[in-house]
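Asks: Give the three-dimensional model of this entry:
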Amino acid sequence: MNRLYPLVLEHQIPRLARYSISACIMVVCAVLQMGLQMQTGAPGFFLLLPGVFISGLIFDHGSGILAAVIAVMVGAYLSYPGEFALDYLSTNALFAITAAGTAVIAEFQRIELRRVMRADKTKALLLQELAHRTKNNLAILGSMIRLEARHGGPELARPLEATARRLQVMAEVYDHLSPKEDSRSVNMRYFLNDVVEKVFESLLPSAPVAFQVSCEDFSLPHNQALAIGIITNELVTNSLKYAFPNETAGHITVSLSNREGIELSVSDNGVGVSTPADPAGLGSRIVQLLTQQLEGEITYERLSPGLCVRVRAASVV
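Replies: Here you go, the predicted model:
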């Protein structure tokens with residue numbers, strides 16, 4: 001529906017140009033009607049009415065009336081039997097009423113279409129404003145938590161910083177929302193890159209650890225995008241914290257695809273783990289819960305060296 005905005009709501013075509021285009025539309029309809037009449041040998045009018053309706057719908061009531069007048073004149077010319085008989089006059093009078101009615105219907109349809117499109121545009125603006133305000137509120141909350149972390153002890157600072165990072169991921173979702181007709185979606189390529197970059201900026205690893213994000217260009221509903229983003233945040237955070245001790249250099253790869261299903265993988269070439277994960281850790285519990293929310297499964301693969309964590313979930317239609 002957004003493609004109709006320039007035509008119905010925002011066009012600034014001069015009146016003369018609108019009338020000229022309407023006349024051209026009617027000329028095309030008249031040529032088609034004449035061609036049909038030459039083929040069948042019977043006069044007709046019905047190919048003229050679509051031109052009246054289109055002119056009135058796209059432009060304004062003036063264009064519709066002009067198209068109706070042209071249609072009546074063309075119809076009168078094509079059906080003229082050589083004399084002004086009663087049959088001829090009544091038929092054309094009925095067609096004139098029909099053409100005028102078509103122009104009126106087109107105008108009413110145009111008014112209703114404008115109302116619906118204005119409402120749709122207003123809804124999109126309200127959703128954008130809501131997303132903007134929500135993002136700002138989450139950013140303020142995250143800043144307050146970080147401020148509290150700086151004034152607390154080390155034991156308090158670490159969980160508060162982790163909470164602030166999770167809020168940051170939630171705020172990032174609202175930066176990548178693209179309103180659609182019935183739902184809001186998030187472009188995962190840009191969103192995932194931002195999530196990983198923000199984790200690295202937040203943790204500032206002392207070792208030279210590089211990262212690579214590989215993501216296909218597709219979108220997910222915002223609730224599923226948020227789950228993927230938080231899972232990525234937790235897995236990358238764990239890799240930065242535990243995979244490269246003693247300032248060891250390393251590399252973290254994040255990959256996301258949506259072919260036969262959603263598949264997220266986070267791998268590193270660090271020291272790996274002796275056990276797959278600490279189920280008692282808050283990060284691990286969050287990953288498990290969000291994987292269940294996606295109705296997916298999580299697997300841990302030991303690499304040589306390093307570890308790869310994969311989350312698979314059903315494909316999103």
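Asks: For the rest of this, base every contact and every neighbour count on C-alpha atoms.
Replies: Fine.
Asks: any idea of the pLDDT on the residue of the chain most remote from its centre?
Replies: Within the chain, residue 83 marks the point farthest from the mean C-alpha position, 60.9 Å out by CA atoms, centre = their mean. According to the prediction, residue 83 has pLDDT 76.
Asks: again, but for the one 3 residues further on
Replies: Residue-level confidence at residue 86 comes out at 81, pLDDT.
Asks: likewise residue 54?
Replies: At residue 54, pLDDT is 85.
Asks: Next: residue 312.
Replies: For residue 312, pLDDT reads 92.
Asks: wait, what's in contact with it?
Replies: 261, 262, 263, 264, 296, 297, 298 (CA atoms under 8 Å, 6 or more residues apart in numbering).
Asks: what's it sitting at in phi/psi?
Replies: phi -120, psi 140 (degrees, to the nearest 10).
Asks: how close does it sit to residue 227?
Replies: 12 Å (CA to CA, to the nearest Å).
Asks: How about residue 306?
Replies: 24 Å.
Asks: and what of residue 166?
Replies: In terms of CA to CA, residue 166 sits 11 Å off from residue 227.
Asks: Ok, residue 238 next?
Replies: On the measure of CA to CA, residue 238 and residue 227 end up 17 Å apart.
Asks: repeat for residue 211
Replies: Residue 211 is 21 Å from residue 227, by CA to CA.
Asks: what do you get for residue 140?
Replies: In terms of CA to CA, residue 140 sits 21 Å off from residue 227.
Asks: Residue 196 now?
Replies: In terms of CA to CA, residue 196 sits 14 Å off from residue 227.
Asks: more crowded one of the two?
Replies: Using other CA atoms under 10 Å as the criterion, residue 196 and residue 227 rank with residue 196 on top: 23 against 20.
Asks: Can you give the strand pairings for the strand of greatest length in the chain, parallel or anti for each?
Replies: Assignment by DSSP state E gives strand 250-258 as the longest strand of the chain. According to DSSP bridges, strand 250-258 forms sheet pairs with strand 209-215 (parallel), strand 262-268 (antiparallel).
Asks: Save the ones you listed as CSV, and put in distance to residue 61 too.
Replies: CSV is the format used below for these (distance: least, CA to CA, whole Å):
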stretch, distance to residue 61
strand 209-215, 50
strand 262-268, 51
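Asks: for the stretch 101-250 of the chain, which spans come out with low pLDDT?
Replies: Within the stretch 101-250 of the chain, the stretches with pLDDT under 70 are 123-132, 134-135, 138, 152-153, 156, 173-183, 205-206.
Asks: Mind jotting down where the helices sit in it?
Replies: 154-175, 188-203, 222-242 (DSSP state H, counting those that start in this stretch).
Asks: Let's have those helices in TSV, adding distance to residue 34.
Replies: Listed next are the helices of the stretch 101-250 of the chain as TSV, based on distance: least, CA to CA, whole Å:
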stretch	distance to residue 34
helix 154-175	57
helix 188-203	55
helix 222-242	55
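Asks: So which of those helices is nearest residue 46?
Replies: Closest to residue 46 of those is helix 222-242 (CA to CA; 48.5 Å).
Asks: before we move on, back to that, can I get the buried part of the contacts of residue 312 as one ChimeraX selection?
Replies: Buried residues among the contacts of residue 312 (16 or more other CA atoms under 10 Å), as a ChimeraX selection:
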select :262,263,264,296,298
